[in-house]
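*Asks:* show me how the following folds:
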Amino acid sequence: MLILLLVSLIGSCLLPQVARFVGRGAGFIVALLPFGLLAGFVALAPVVERGWVRGEGGPWVPTLGIDFTLRLDGFSFLFCLLITGIGGLVTIYSGGYLTNKSRRDRTRFLTLILLFMTAMLGTVLAENLLLLIMFWEATSILSFLLIGFDHRSARARRAALMALQVTAGGGLALVAAVLMIASVIGSYSMAEAVSRAPEIVASPLGLPILIAIMLAAFTKSAQFPFHFWLPNAMQAPTPASAFLHSATMVKLGIYLLARFEPVIAASSWGRNVLVGTACITMIVAAVQALRAESFKAALAYSTIASLGILVLLIGLDGPRASVAMIGFLLAHALYKAALFFCAGAVLHATGKGAFRSLGGLWRTMPFTAAACVLASLSMAGIPPFLGFISKEFLFEAQLASSWELVPLTIAVLVNAVMVGVAGVVTLRPFFLRPAHPVEMLHGESISLVAPPLLLAVLGLVISLDPEWITSVALRPAVAAVYGRVVEVDLSVWHGLTPILALSAVVVTIGVLITRFWRRIHMTLRSRARIDRYSLESLWERGLITLFRLATRITAAIENGDQRRYIAATLTGFIALALWSALAAGAPLRWPLLDEQIRVGELMIGVTAVAGAVVAARSRNALAAMVGVGLTGFAVAITFLMNGAPDLALTQFAVEALLVVLLTALLMVLPLLRPDTRSRREHATDAMIALAFGGLMLVALIDMGAGHRASAVSEWFGRMSLAAGKGYNVVNVILVDFRAFDTLGEIAVIAVAAVLAGSLLGRRRGIQPADTPPDTVHFSFATASGVLFALLMLASLIILWRGHNQPGGGFVGGLAAALAFAVLSLALGVTRAETMLRLQPLTLVGAGLALAVIAGLPAMLRAPGTPFLSHLWWEPGGLLPKLSTTQLFDIGVYLVVLGAVLSFLFGLQREARR
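*Replies:* Below you'll find the model as predicted:
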């Protein structure tokens, strides 16, 4: 399973690229991936058929309780068959449906669809609940991208945001549920959570856990009151609608409820909530389906009703409910995906989706019409189709449960509406006479016809020859959901029973709905109150109110006054620090002044204070810059005199670069600034500054009294050479012992570089080499080349020696950035960019990739080795030692260089404008 999931991920990224070179046949080539995965899962059928559970994986982040463990049982196996099988047909269908799109758009769509398939497989196979959350959220994000695929459409963007808002909110609820479950049982294992259901429900967190699980499922599976996002999601291309919002993604909520059904059943009210919510959802969806004006809208609302039926079956008790749920899940996926394919074929051929604009298409689209007829017969529950058997299972489960007749009555009426919808979506587009002639833009093609025909015929073949699917998929799936083996009989004829009578009633009412569709439709459409008080309108009005409130709060807090921000931050910090000190009751420690005061350090300290005073008091920006630089260099000298050469070297490089960056800013800012602060504000500023400075002084005095090295620092000093093979403890910590922290830090730097590139503008092309630079002094321009070469050489030496002597990737990157800063100041930013040759963000991306790659060799060489463990090669003789730490340090070097140059070049371009 791990191999199948890895193949799915890699193939999803690589295989769709063939669409850039292949035309209409790209869908058939890309479909090899999902069909290959389908074959891989079918090969596991003997394991599932015996009722066994197969698990694979191992520890991932053991300290957090996260393991990459996959679990395949009958229920997840059924989902895997549906995901890969329908996914393969979707890719074939997409190749024909997207003929009007560019090859780039087709590649993008196929990539998103296959990545979504991978996320779905990961969700249904995940045994660890944290792993399930990761894949669950991936489906929401990919669904957002697919719904908003046509990003130029305002309706598509609105629908995508609505879907993401609702489903992501449910995802947060799932995160909360998983964390609470782990706090109760001490594990993130789904199997353990289900086996300890009574313990979870009896705990103080039992109620919020159940509510959070239901919220996650209801939002994902479009249950009332969160159902409104699904019809809007029909703005997605039809292949996405068929795959995401009919056959797979919207079933994830059903999957979650079915998995946690023992936990829900252990409470006294869980089943009542499921049945009540399902009944309301079914009624609302049935009414909206009768009001639908387009092919896809009618199918969308009927999908919501079908999802309500599935939630209802999970809420019912007894083994027949589990049988009905599994049977209906399979039947619905087959006929609804086929109907969506037919709707997309009609839309592609005519450019129209409204019922009133369609009619008589069976002459020009005979194969699509045939597929629609077969799928609609299954949806209507006409024997001998699989849909008929699934509806008999539904009525049998309701009669066998302990519930009264209200859910049964609602189910009968809603299923009758679905019969009516099935009749309308077949008769009106294909067989009734159109009001106006329908212009055909495209004809039928094999890629548009084969998928719906295959699914529609499959719904008939399975009901006539159910042995394989029953033994391999349905019976194991029911056993996995219900907890023990239950007999599953997919025979079409069970004799003259009350269940058959209910089916006849459903079909009869559905035929009447089809006959009087227009009258019912117009009556419901005339009720404007339904739209006015719909939950979609309430949701949007609520969001507008929320945005307005957020705007007011932001205007009050984010007022643009930086001094106010700093004052609030420092005041809060001072108050928190004083409260912590008083609450701890720890006495202030005073250092023993038994050492002779060193005059040199005292003079450097006085210089630093003088620079700070100049920076604070000066109204001239240039003088303030000099004062800040004076303080910074004094601090660097202090580091150097107290045995911290690495810190000193870094501080020197930072101060030099800061001068360059501030110089670039001063080219566009006035040197003199007016005094905009009143005396009272100056007094307040002085009080806050004195309080903060005094607090820092007291803290430093206290820390100075406890100067003894800690056990951690002693361990790092002792193990630096033994374990990290380096004499420079600081660098060994950064690239080896705490390399993951360093990776996080350079990731933050990379994000800052990306923001700088977007805010300060991107270079759209290198200017000609003979463009005259800004006027600089002749001596500086002449010496800049030599300075550049020396600084670049120094940066490489600093990078290379960093593991054993002061230096490393961070300082080396700063030195290299300083070299380009000298070049840009002397010869202009264009010349510096020409010498760099690459975009700064390209360096950032390459450096981040190198840092990540450096942590992989040890993992691949010895599975189970932590990420960013390093390997060494010591050839001996004159050859130097080589290690993956050097690769990691080069990555840090490139990230720092690219990030600094993103700011520098951007500021200099702004100055020249």
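*Asks:* for Trp136, which non-adjacent residue is spatially closest?
*Replies:* Ranked by CB to CB, 6 or more residues apart in numbering and with sequence neighbours excluded, the top spatial neighbour of Trp136 is Thr123, at 5.4 Å. Bear in mind the C-beta positions are built from the backbone N, C-alpha and C, glycine included.
*Asks:* tell me if I'm right that the one you found and Lys251 touch.
*Replies:* No: the criterion here is CB atoms under 8 Å, and Thr123 misses it with Lys251 at 10.4 Å.
*Asks:* quick one on the thing from earlier: tell me how many other residues surround the residue nearest to Trp136.
*Replies:* Residues lying near Thr123 (other CB atoms under 10 Å) number 25.
*Asks:* if I look at it, how far off is Thr248?
*Replies:* When distances are taken as CB to CB, to the nearest Å, Thr123 and Thr248 turn out to be 10 Å apart.
*Asks:* got it, and Leu697?
*Replies:* Counting by CB to CB - Leu697 and Thr248 are separated by 63 Å.
*Asks:* between the two, which is the more surrounded one?
*Replies:* With other CB under 10 Å as the criterion, Leu697 and Thr248 differ in neighbour count, and Thr248 comes out ahead with 28 against 10.
*Asks:* for the more buried one, what are its contacts?
*Replies:* Shown here is Thr248, whose contacts under the criterion CB atoms under 8 Å, 6 or more residues apart in numbering are Phe79, Leu82, Ile83, Ile86, Gly87, Met120, Ala333.
*Asks:* one more: Gly459?
*Replies:* Contact partners of Gly459, counting by CB under 8 Å, 6+ apart, are Ala331, Leu334, Tyr335, Ala338, Leu374, Ala375, Ser378, Phe385, Leu386, Gly387.
*Asks:* next step: these restricted to helices.
*Replies:* Filtering the contacts of Gly459 for membership in helices, criterion DSSP state H, returns Ala331, Leu334, Tyr335, Ala338, Leu374, Ala375, Ser378, Leu386, Gly387.
*Asks:* which pair in those residues spans the largest distance?
*Replies:* Between all members of these, the longest pairwise span (CB to CB) is found for Ala331 and Leu374 and amounts to 12.7 Å.
*Asks:* so what pLDDT did Ser710 get?
*Replies:* We have a pLDDT of 68 for Ser710.
*Asks:* what is the mean pLDDT for stretch 188-195?
*Replies:* Here the mean pLDDT over stretch 188-195 is 91, rounded to a whole number.
*Asks:* same question, stretch 731-751
*Replies:* For stretch 731-751, mean pLDDT rounds to 89.
*Asks:* in this structure, what spans have low per-residue confidence?
*Replies:* Regions of the chain meeting the criterion pLDDT under 70 cover residues 23, 246-247, 404, 532-533, 592-596, 664-676, 706-710, 761-777, 876-878, 911-913.
*Asks:* strands of that one, start to end?
*Replies:* For the chain, the strands identified by DSSP state E occupy 54-61, 66-72, 872-873, 882-883, in order along the chain.
*Asks:* out of the ones you listed, deepest packed?
*Replies:* Among those, the stretch with the highest mean neighbour count (mean count of other CB atoms under 10 Å) is strand 66-72, at a mean of 20.
*Asks:* for that one, what is the distance to the chain centroid?
*Replies:* Between the mean C-alpha point of strand 66-72 and the mean C-alpha point of its chain there is a distance of 20 Å (CA atoms, centre = their mean, to the nearest Å).
*Asks:* how about Leu524: what's its closest non-neighbour residue?
*Replies:* Arg291 is the one closest to Leu524 (CB to CB, 6+ apart), at 4.5 Å.
*Asks:* residue contacts, that neighbour?
*Replies:* Arg291 makes contact with His521, Leu524, Arg525, Ile530, according to CB under 8 Å, 6+ apart.
*Asks:* tell me the most packed of those, by neighbour count.
*Replies:* Neighbours here are counted as other CB under 10 Å. On that basis the top member of the contacts of Arg291 is His521, with 18 neighbours.
*Asks:* looks like that one contacts Val287 (just checking).
*Replies:* No: under the criterion of CB under 8 Å, His521 lies out of contact with Val287, with a separation of 11.1 Å.
*Asks:* distance check, the nearest residue in space to Ala163 that is not next to it in sequence against Leu570.
*Replies:* The shortest distance from Ala163 to any residue that is not its chain neighbour, by CB to CB, 6+ apart, is 4.7 Å, and that residue is Trp229. The spacing between Trp229 and Leu570, counted by CB to CB, is 44 Å.
*Asks:* neighbour count: those two, which is higher?
*Replies:* Neighbours were tallied for Trp229 and for Leu570 using other CB under 10 Å; the higher tally belongs to Trp229 (24 against 16).
*Asks:* make sure that one is actually in contact with Gly169.
*Replies:* No: in this structure Trp229 lies outside contact range of Gly169 using CB under 8 Å: 10.4 Å.
*Asks:* please enumerate the helices of the stretch 801-913 of the chain.
*Replies:* Taking DSSP state H, counting those that start in this stretch as the criterion, the stretch 801-913 of the chain carries its helices at 809-827, 829-836, 840-853, 857-861, 884-912.
*Asks:* could you dump these into JSON lines and include distance to Trp539 and mean neighbour count?
*Replies:* As requested, the helices of the stretch 801-913 of the chain are exported to JSON lines (distance: least, CB to CB, whole Å; neighbours: other CB atoms under 10 Å):
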{"stretch": "helix 809-827", "distance to Trp539": "48", "mean neighbour count": "26"}
{"stretch": "helix 829-836", "distance to Trp539": "48", "mean neighbour count": "20"}
{"stretch": "helix 840-853", "distance to Trp539": "38", "mean neighbour count": "20"}
{"stretch": "helix 857-861", "distance to Trp539": "46", "mean neighbour count": "13"}
{"stretch": "helix 884-912", "distance to Trp539": "40", "mean neighbour count": "24"}
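*Asks:* which of those helices sits closest to Glu49?
*Replies:* Scanning those with CB to CB as the criterion, the closest one proves to be helix 857-861, at 35.4 Å.
*Asks:* which elements pack onto the closest one?
*Replies:* The contact analysis (3 or more CB pairs under 8 Å, 6 or more residues apart in numbering; DSSP states H and E) places helix 857-861 against no helix or strand.
*Asks:* pull up the distance across stretch 245-259, start to finish.
*Replies:* Across stretch 245-259, the terminal residues are separated by 20 Å (CA to CA, to the nearest Å).
*Asks:* from the chain's centroid, how far away is it?
*Replies:* In terms of CA atoms, centre = their mean, the centre of stretch 245-259 is set 18 Å apart from its chain centre.
*Asks:* do stretch 749-761 as well
*Replies:* Remark: stretch 749-761 is offset 21 Å from the chain centroid, using CA atoms, centre = their mean.
*Asks:* before we move on, what about stretch 620-630?
*Replies:* Centroid separation for stretch 620-630 versus its chain: 45 Å, with CA atoms, centre = their mean.
*Asks:* okay, buried residues for it please.
*Replies:* Judged by neighbour count (16 or more other CB atoms under 10 Å), stretch 620-630 contains these buried residues: Ala621, Ala624, Met625, Val626, Gly627, Val628, Gly629, Leu630.
*Asks:* closest to Gln805 out of the residues you listed?
*Replies:* When these are compared for distance to Gln805, the smallest value, 26.6 Å, is given by Gly629; criterion: CB to CB.
*Asks:* isn't the closest one right next to Val660, touching?
*Replies:* No: with contacts counted by CB under 8 Å, Gly629 stays clear of Val660, the gap being 10.9 Å.
*Asks:* kindly export stretch 198-214 (C-alpha atoms) in CSV.
*Replies:* The C-alpha atoms that make up stretch 198-214 are tabulated as CSV, following Å, rounded to 0.1, in the frame of the first residue of the first chain:
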residue,chain,number,x,y,z
PRO,A,198,-17.4,3.7,25.7
GLU,A,199,-14.4,5.2,27.4
ILE,A,200,-14.3,8.2,25.0
VAL,A,201,-18.0,8.9,25.4
ALA,A,202,-17.9,8.6,29.2
SER,A,203,-15.0,11.0,29.4
PRO,A,204,-15.6,14.8,30.1
LEU,A,205,-14.6,15.4,26.5
GLY,A,206,-17.0,12.9,25.1
LEU,A,207,-19.7,15.5,24.1
PRO,A,208,-17.3,17.9,22.3
ILE,A,209,-15.6,15.0,20.6
LEU,A,210,-18.9,13.7,19.1
ILE,A,211,-19.9,17.3,18.1
ALA,A,212,-16.6,17.9,16.4
ILE,A,213,-16.7,14.6,14.5
MET,A,214,-20.2,15.3,13.3
